[in-house]
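Engineer: Next one to model:
(2 chains)
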Protein chains: 2
Amino acid sequence: MENLICLNQIEIDTFLPEGRLDKAKALLGESRMVDSTAITSDEEWHCILAECNPEILIAGWKTPALPEDYHQVVPRLKYICYLPGSIRKLVPRSAIEKGLIVTSWGSSISRTVSECALLLTLCCMRRVRYWTEEMHFNGGWKTPQTETQSLFERRVGLHGLGLISQKLVDLLKPFTSKISAYSPSVPDSVYADLGVSRSESLEDLFGNNDVIIELAALTPKTTGMVTEELLKLIPQGGAFVNVGRGAVVDEEVLAQLASERPDLQLGLDVYGEEPLPQDSPFRGLDNVMLLPHLGGPTIDRRRDAGDHGIENIRRYLAKEDLIDPYDVGMYDRTS
Amino acid sequence: MENLICLNQIEIDTFLPEGRLDKAKALLGESRMVDSTAITSDEEWHCILAECNPEILIAGWKTPALPEDYHQVVPRLKYICYLPGSIRKLVPRSAIEKGLIVTSWGSSISRTVSECALLLTLCCMRRVRYWTEEMHFNGGWKTPQTETQSLFERRVGLHGLGLISQKLVDLLKPFTSKISAYSPSVPDSVYADLGVSRSESLEDLFGNNDVIIELAALTPKTTGMVTEELLKLIPQGGAFVNVGRGAVVDEEVLAQLASERPDLQLGLDVYGEEPLPQDSPFRGLDNVMLLPHLGGPTIDRRRDAGDHGIENIRRYLAKEDLIDPYDVGMYDRTS
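Structural biologist: As a prediction, this is how the structure comes out:
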């Protein structure tokens, strides 16, 4: 009986660099390391699980799925510390129901997503999409008619005020104090602490800001919530940035609007369908910045997720409350 | 005898919007407004000057040049409040020698240039140049090999610690505390107040930072100061951003280096020759962000330069010290 670390070399190098692996091992006590990419069959994987019968499993993207009857294969298993984001492929819903403790990178990656939001916002203000094509392929240079905008003193509206938005406020503060958010469930005290105004409706958020940043979580309620009606409220010269989830927005309308309104600048990192289809109407538009869902974490910051995992193992062993352990609701919410 | 405002409509709308023109007029007292673009000859311009014989002239890009013998044409002229940047085309050097007071937008535009520096830095970290082409023209999407970096916790080195660098530090602080600068003439107290470390040499600056931001003023001494030797010190995966002046850098070597080292990311807004020549080797490189000298001010922030000018007029009239009036040294330094 020993704890189990099932990762591949890239995961070890990026999530647990610079002493973090040793730190994790020291916490786990007797433990075994298995290269997840060397496991060739479910039988082999179940064999490893049965042999080790770990109480704690550290897992990564390539760790094979836990069997539905995991409590028969690994009766001692109590806690899976999954270093990346979504546990859906690794852990069956029934395991959460039965009380298996599982954590993922949770909020430790929020700041890199907020960084991506700021990047796309600044790109919109200076029309980086347009200038990249002009400068590289059309021999371009500015003219007296060239439009440029700054983020300084701009009104910025956040749809959603979760952890990513909260980190984003830190990055926006040096540029502007005119930050508002629409998130009815977040209490006034959070707004007050952040120095963010409450927007009373999405109509207010979209109609009365120069930059709107989409960060609402995807739920049945938010799917398609950003409608044509709302998108048409974005003021002349405004920018719309999405680093949350594509399906929150009516993307067909958004693409149509961008093609009709050259004043509008879009910055998109997420899409309803990913990878973004080859024939997506967003591709080619010179007022639309596109990134391939790079929000977070960046490779160099996977170590933040490693630190988060190590802290959770420490807490687990010290019988302290874990940071953001899954419950069934969270399992269902996260895609 | 009346003061003179010689601007065109675009300058009035962008430098002096929202009550600023009235504020300026109120300060000037009896004054005449002339549309600079309606003046068709030097004779007409000299006639206007002689007729008004202003003590104060508010000028813009399209204001015709002051004659060399201006003191004979406009003997009362004491102060030119030039709203944009470089006064070279408007004011002969001899006028500064003779004691004519002239101010320009000075440091009021620094923050927009610092914003452009942050934008280009973030673009380098996420490889926006590459992804813009991939996403828009090659139907691209990320792969498991996709490299992404964050600015969080990165070592940032600033070449120069003038007003733009100082504003930039405010924008960088939420990302990293590892900020250093090379600027031998700036006293320790400025470094201490900003929380910036002093880099003892350019070799140290280029060799020991992940991001190097070029902001040194162009002088005979700094021309070509960033040599092949220095550029080759930039660490693997590093970024080099120039929002200062192109001629500070050996651009031929820089372009060569970028074409040989795909790990290196460049973000350029300024060039030794502007407009950037059609056949510039920078054009087309997929690790080089190019902007057409858009640093600052953006059109929406020209009003900051307007405010700066109005404040200088107020000070002039109140016999207070003006902000950054030209002397001969400054005239010679600014191109």
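
Engineer: what's the span of stretch A:126-146 from first residue to last?
Structural biologist: End-to-end distance of stretch A:126-146 (C-alpha to C-alpha, to the nearest Å): 10 Å.

Engineer: Same check on stretch A:313-329?
Structural biologist: 22 Å.

Engineer: Equivalent analysis for stretch A:289-301, please.
Structural biologist: 23 Å.

Engineer: what do you get for stretch A:181-196?
Structural biologist: Span of stretch A:181-196 from end to end, C-alpha to C-alpha: 7 Å.

Engineer: same thing with stretch A:213-220?
Structural biologist: End-to-end distance (C-alpha to C-alpha), stretch A:213-220: 20 Å.

Engineer: what's the answer for stretch A:242-251, then?
Structural biologist: Stretch A:242-251: ends 11 Å apart by C-alpha to C-alpha.

Engineer: quick one: the helices in chain A?
Structural biologist: Ranges of helices in chain A, per DSSP state H, are A:9-15, A:20-28, A:42-52, A:70-73, A:93-97, A:110-126, A:128-137, A:163-172, A:188-194, A:202-207, A:228-231, A:251-260, A:302-317, A:328-333.

Engineer: B:S110 is nearest to which of the ones you listed?
Structural biologist: Counting by C-beta to C-beta, B:S110 lies closest to helix A:110-126 out of those; the figure is 16.4 Å. Yep, even glycine has a C-beta here, placed from its N, CA and C like the rest.

Engineer: check whether the closest one contacts chain B.
Structural biologist: Yes. Using C-beta under 8 Å from any C-beta of the partner chain, helix A:110-126 reaches chain B at A:111-112, A:115-116, A:118-119, A:122-123, A:125-126.

Engineer: list the helices and strands that helix packs on?
Structural biologist: Helix A:110-126 sits against helix A:163-172, strand A:211-214, strand A:239-242, strand A:265-268, strand A:288-290, helix B:110-126, with contacts defined as 3 or more C-beta pairs under 8 Å, 6 or more residues apart in numbering or on different chains; DSSP states H and E.

Engineer: so what secondary structure elements neighbour the shortest one?
Structural biologist: What that stands for is strand A:288-290. Looks like strand A:288-290 contacts helix A:110-126, helix A:128-137, strand A:265-268, helix B:128-137 (3+ C-beta pairs under 8 Å, 6+ apart).

Engineer: Pop the domain breakdown of chain A in here.
Structural biologist: A:3-105+A:300-333, A:110-290 (automatic domain parsing).

Engineer: any idea which of those is most buried?
Structural biologist: domain A:110-290 (a mean of 20; mean count of other C-beta atoms under 10 Å in any protein chain shown).

Engineer: Endpoint to endpoint, it covers what distance?
Structural biologist: For domain A:110-290, the separation between the terminal residues is 20 Å (C-alpha to C-alpha).

Engineer: Just the mean pLDDT for that domain, thanks.
Structural biologist: What domain A:110-290 shows for mean pLDDT is 97.

Engineer: hang on, the earlier thing: what two of the residues of helix A:110-126 next to chain B have the greatest distance between them?
Structural biologist: Using C-beta to C-beta, the two most remote members of the residues of helix A:110-126 next to chain B are A:R111 and A:R126, lying 22.8 Å apart.
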